[in-house]
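>>> Sequence and computational prediction follow.
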Amino acid sequence: MVIANLISYILVLIGALNWGLYGIFNFNLVSTIFAGPRTIGAIIVYSLIAVAALWLIISPIITNGALKLMGHREVREEKA
């Protein structure tokens, strides 16, 4: 679940940067990379960003309010 949260955060940040570029400079980065806003590559990226945003909304509900970004590490004591 930690990996899904990290990937979701990265995708949502990419989406936010794309919207910021589009709002400020009228430059759509995803459309530029995939040579058009309705190409299959752009549609896949937009869909992945939407799924990532939904995951970040649903994940805390599933885990009772905890959105983990780091795994739990146990500290082992060595017995002498």
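Happy to help now that I have it.

>>> secondary structure element for Ala66?
Ala66 is part of no helix or strand, with elements assigned from DSSP states H and E.

>>> Now do it, the pLDDT please.
Looking at Ala66, its pLDDT stands at 73.

>>> So what's the residue count around it?
By other C-beta atoms under 10 Å, the residues close to Ala66 number 9. C-beta coordinates here come from the backbone N, C-alpha and C atoms, glycine included.

>>> what's it in contact with, if anything?
Pro60 (C-beta atoms under 8 Å, 6 or more residues apart in numbering).

>>> Quick check: it vs Met1, distance?
10 Å (C-beta to C-beta, to the nearest Å).

>>> Mind listing what's buried along stretch 55-70?
Trp55, Leu56, Ser59 (16 or more other C-beta atoms under 10 Å).

>>> so how far is Trp19 from the first one?
Spelled out, it's Trp55. Using C-beta to C-beta, we find Trp55 at a distance of 18 Å from Trp19.
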